[in-house]
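Enquirer: 3D, please:
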Amino acid sequence: MPTAKHIEMLRLLHSQTLKGVTAWETTAEDDVYLASFPSYGVAIRSWDASDGTGYSLQITNNEGSVVAELRAGDFEGPDLRVSEAYSLLKETFEGARRIAMGVDQAVDSILDNLRSQQAA
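Expert: I've put the predicted structure just below:
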């Protein structure tokens with residue numbers, strides 16, 4: 001069962017991802033994005049499940065071994081409900097994907113080109 005520190009980490013990772021502070025990178029696996037920190041990394045992933053899309057957050061060490069994995073269903077308690085944990089994981093995944101894939105830069109570039117064509 002996740003501890004108060006796990007909950008705090010998830011909430012901070014969520015807010016800093018949405019602010020664009022956390023640097024996420026693509027990996028060799030589809031739908032897995034990685035943020036590196038000194039001594040550890042965090043991978044967020046999605047997968048198709050029978051009841052929709054699942055999300056998990058993995059903490060890895062320098063050797064790439066998973067030291068902890070958190071899924072929405074792990075958060076059943078007064079501090080964080082499953083539905084809130086699911087939303088936090090989903091939004092963090094979507095933000096990580098946007099950052100790692102450079103979605104905002106792509107949209108900005110396309111908009112610049114469209115605007116310059118419109119002005120011409």
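Enquirer: report the central residue of the protein.
Expert: Centroid-nearest residue in the chain: F93, 3.0 Å away (criterion: CA atoms, centre = their mean).
Enquirer: tell me the helix or strand right after the helix or strand where it lies.
Expert: Counting by DSSP states H and E, the secondary-structure element that holds F93 is helix 82-101. If you walk from helix 82-101 toward the C-terminus, the next helix or strand you reach (DSSP H and E) is helix 103-119.
Enquirer: can you give me the mean pLDDT across that next one?
Expert: The average pLDDT within helix 103-119 is 88.
Enquirer: hmm, back to that, for the helix holding F93, which positions count as buried?
Expert: Across helix 82-101, burial judged by 16 or more other CB atoms under 10 Å covers 85-86, 88-90, 92-100. The way it works is simple: take the backbone N, C-alpha and C, and place the C-beta from them, glycine included.
Enquirer: list just the nearest of those residues to A120.
Expert: Each of the buried residues of helix 82-101 was checked against A120 using CB to CB; the closest is R98, at 30.0 Å.
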